[in-house]
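Trainee: below: sequence and its predicted model.
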Amino acid sequence: MDLLKKIDAPSDLRRLSRSQLKPLADELRAFLLDSVSQTGGHLSSNLGTVELTIALHYVFNTPDDRIVWDVGHQTYPHKILTGRRDRMDTLRQRDGISGFPRRDESPFDTFGTAHSSTSISAALGMALAARTLGENRHAVAVIGDGAMTAGMAFEALNNAGVHEDMNLLVILNDNDMSISPPVGALNRYLARLMSGRFYAAARNVGKSVLPGPMLELAKRLEEHAKGMVLPATMFEEFGFNYIGPIDGHDLDSLVPTLQNLKQLKGPQFLHVVTKKGQGYKLAEADPVLYHGPGKFNPAEGIKPSAPGKKTYTQVFGQWLCDMAQNDKRLVGITPAMREGSGMVEFEQRFPDRYYDVGIAEQHAVTFAAGMACEGLKPVVAIYSTFLQRGYDQLIHDVALQNLDVTFALDRAGLVGADGATHAGNYDMAFLRCIPNMVVMAASDENECRQMLSTAYQYPGPAAVRYPRGAGVGAAVGTDLDTIPMGKGELRRSGKRVAILAFGTMLAPALKAAEELNATVANMRFVKPLDTGLVLELAASHDLLVTVEEGCIMGGAGSAVAEALAAAGVVMPLMQLGLPDRFVDHGDAPQLLASCGLDAAGIAASVRQRLGKTEPRLVVSNV
Ligand SMILES: Cc1ncc(C[n+]2csc(CCOP(=O)(O)OP(=O)(O)O)c2C)c(N)n1
Ligand SMILES: CC(=O)[C@@H](O)[C@H](O)COP(=O)(O)O
Ligand SMILES: [Mg+2]
């Protein structure tokens, strides 16, 4: 690690000779593998960007020149080269460095990312801001072929292509993979581009950028193409100067190409080809498995984990297959999250009813709406955080027309290592305000299955939220039974205090209630709320406590407050949930505890409130 140790900032890197870059890349890759295997994290994508990262920091004057990394899950080499090598052992842990770029972490992290396909917009904004401010700096967006499938990327290309007097470079990092194999016509187009345009690099930026074998191929292709008019690439039609494809692991191609491109003004587009998992054979062979592994021994690779409690994702995957078996109208839709959403088996068993639409949440929702119009029964499996992208589509295309679409909202609540960008904290608040929506929160695995069936049978838009990871260990039935619409259930009878628990908060609420001798209701429905149960509990208790793994503001507790107010009931109410701040990465149970959302925290909040409650006052701790 002789070279790597000397690099505390890209200025150190820029002092190296060109011939030192390849050994540096080898050291960086070895460090990366060792480090990620000890912390867990996004491995395959990072192994693929080692050379590109070195070349970018070598050629561009970072941080004055801006690099915006799309998704940002491939920025570990960037973090290592920009002064965070010594903190890589804290990656994605509480108080440690983030797994994504963050402006508050380093001046080299020019833009916070994690949700995909934002880089071109942000870099274009920076490039045009530099032009406006008279600052001579470059803005570079690095975007993957998966992220490129999103509408937002094309909105940005469309906007960028007409601005000639600026320094914007878009680098398409094409590894022919999303998390799972890429889908759609763009992928086919990129494959065609790759097979037919090697000589374009020579034509546009000088033959010196091509390595030997590629130069030979380029020459032959050029001979072959003599006299033929080469169709412009799609990116050229968008107004970009398209260069590529070039080998994204070959520093002798990357560095001179970037140096040449740096001289050019206007929208530039560089197509680099990389391999996901490059340099670690097991990840190269199975980039999906190594996309975001936990800790593992690099010498042995990832071992199958011992069977434990079922995850909610598995419960959903099983339910989806069972319901599909039962009902031919069911179609399953994922915006590029087949593995994460538990749809691998569904795709295998029902390939004609499986739709991976790419990283296109907005489209996924409206596409489902279209199918529902024709009598199919779409199930959109989507992470809570990514449904945020499809919000207008949910309101305007699905709910307004009261269409029969089921939303399986995975990763609801805190997600742990991915942190604030991926936390599903807002869905209860943003869904319950939409007319026609039914919103359920699962408190255990079996209830999750029942709620999915309930949502599916409901002839309008309905969502079931469930968290990342394993449940409480509840036995899961095999039937497709539903639960009564809008009905909660009493789970414990106590005195003075009634805890109204939503979803995952039922288990800690029951535990806290033992100590408090409180009543506990499993509310099940955020909407329609079981108003009857709320009023009954209000009449028989001194204090109502709502608890939810979601933002307090506007969430399920707010629904209870509204119900009390609508009935003219004035009584003490305490709303527990996630606070009005972003909760960073870390271990999810610890983070929940830090927000007072474990049994001890709930009990402590109630005890404190009982000590100072003025009867007949409505209070909340929003
Ligand atoms: C809006 C949004 N939807 C889904 C995801 C989940 N996601 C993270 S990385 C990824 C695949 C990205 O593929 P690509 O851009 O080609 O990068 P690669 O992993 O191949 O390096 C997906 C779907 C996300 N981060 N953001
Ligand atoms: C970068 C990204 O968005 C995904 O890779 C995400 O980190 C996956 O999260 P899960 O591990 O919860 O599926
Ligand atoms: Mg890719």
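Mentor: Structure received. Ligands and ions are numbered 1, 2, ... in the order given.
Trainee: contact partners for residue 59?
Mentor: 255, 258, 259, 262 (CB atoms under 8 Å, 6 or more residues apart in numbering). Heads up, the C-betas are built off the backbone N, CA and C, glycines and all.
Trainee: for residue 518, state which of those is nearest.
Mentor: Of all these, residue 518 sits closest to residue 258, with 63.4 Å by CB to CB.
Trainee: state the distance from the closest one to residue 178.
Mentor: Distance check for residue 258 against residue 178: by CB to CB, to the nearest Å, it reads 25 Å.
Trainee: and the longest helix along the chain, C-alpha only, in CSV?
Mentor: Criterion DSSP state H: the longest helix present in the chain is helix 21-39. Output of helix 21-39 as CSV, limited to C-alpha atoms (Å, rounded to 0.1, in the frame of the first residue of the first chain):
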residue,chain,number,x,y,z
LEU,A,21,-1.5,5.1,-11.7
LYS,A,22,-1.9,1.5,-12.6
PRO,A,23,0.0,0.2,-9.4
LEU,A,24,-2.1,2.7,-7.5
ALA,A,25,-5.3,1.2,-8.9
ASP,A,26,-4.2,-2.2,-7.9
GLU,A,27,-3.5,-1.0,-4.3
LEU,A,28,-6.8,0.8,-4.2
ARG,A,29,-8.8,-2.2,-5.4
ALA,A,30,-7.1,-4.5,-2.8
PHE,A,31,-7.8,-1.9,0.0
LEU,A,32,-11.4,-1.6,-1.1
LEU,A,33,-12.1,-5.3,-1.1
ASP,A,34,-10.5,-5.7,2.3
SER,A,35,-12.3,-2.7,3.7
VAL,A,36,-15.8,-3.5,2.4
SER,A,37,-15.5,-7.1,3.4
GLN,A,38,-15.2,-5.9,7.0
THR,A,39,-17.9,-3.4,7.0
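Trainee: tell me how far whatever residue of the chain ends up closest to ligand 3 lies from residue 420.
Mentor: Going by CB to the ion, ligand 3 is nearest to residue 144 of the chain, at 3.8 Å. In this view, residue 144 and residue 420 are 22 Å apart by CB to CB.
Trainee: which stretches of the stretch 1-150 of the chain have low pLDDT?
Mentor: Within the stretch 1-150 of the chain, no stretch has pLDDT under 70.
Trainee: show me where it has helices.
Mentor: Remark: helices assigned in the stretch 1-150 of the chain by DSSP state H, counting those that start in this stretch are 2-5, 10-13, 21-39, 44-48, 50-59, 76-79, 119-133.
Trainee: ok, residues contacting the last one?
Mentor: Outside of helix 119-133, the residues within contact range by CB under 8 Å, 6+ apart are 66, 68-70, 110-111, 113, 136-143, 147, 152-153, 155-157, 159-160, 163, 165-168, 170.
Trainee: how about the fourth one?
Mentor: Outside helix 44-48, the residues within contact range by CB under 8 Å, 6+ apart are 29, 32-33, 36, 71, 73-77, 144, 173, 175, 177, 248, 274-280, 283, 287, 290-291.
Trainee: near ligand 1 at all, it?
Mentor: Yes - counting by CB under 6 Å from any ligand atom, contacts between helix 44-48 and ligand 1 involve residue 45.
Trainee: any residue of that helix up close to ligand 2?
Mentor: No - for helix 44-48, no contact with ligand 2 is found by CB under 6 Å from any ligand atom; the gap never falls below 8.2 Å.
Trainee: so what's the backbone phi/psi at residue 379?
Mentor: Per-residue torsions, residue 379: phi -120, psi 120 (degrees, to the nearest 10).
Trainee: how near is it to ligand 1?
Mentor: To ligand 1, residue 379 is 18 Å away according to CB to the nearest ligand atom, to the nearest Å.
Trainee: for the residue in the chain positioned nearest to ligand 2, give me its contacts.
Mentor: Nearest to ligand 2 in the chain, going by CB to the nearest ligand atom, is residue 340, at a distance of 3.5 Å. Taking CB under 8 Å, 6+ apart, we find residue 340 in contact with 179, 313, 383, 410, 411.
Trainee: 6 Å - rerun?
Mentor: Residue 340 makes contact with no residue under the criterion CB atoms under 6 Å, 6 or more residues apart in numbering.
Trainee: how much space separates it from residue 155?
Mentor: Counting by CB to CB, the separation of residue 340 from residue 155 is 25 Å.
Trainee: which one's more surrounded, residue 144 and residue 420?
Mentor: Per other CB atoms under 10 Å, whichever of residue 144 and residue 420 has more neighbours is residue 144, with 30 against 19.
Trainee: could you find the closest non-adjacent residue to that one?
Mentor: Using CB to CB, 6 or more residues apart in numbering and skipping the chain neighbours, the partner closest in space to residue 144 is residue 173 (5.1 Å).
Trainee: perfect, I'm done here.
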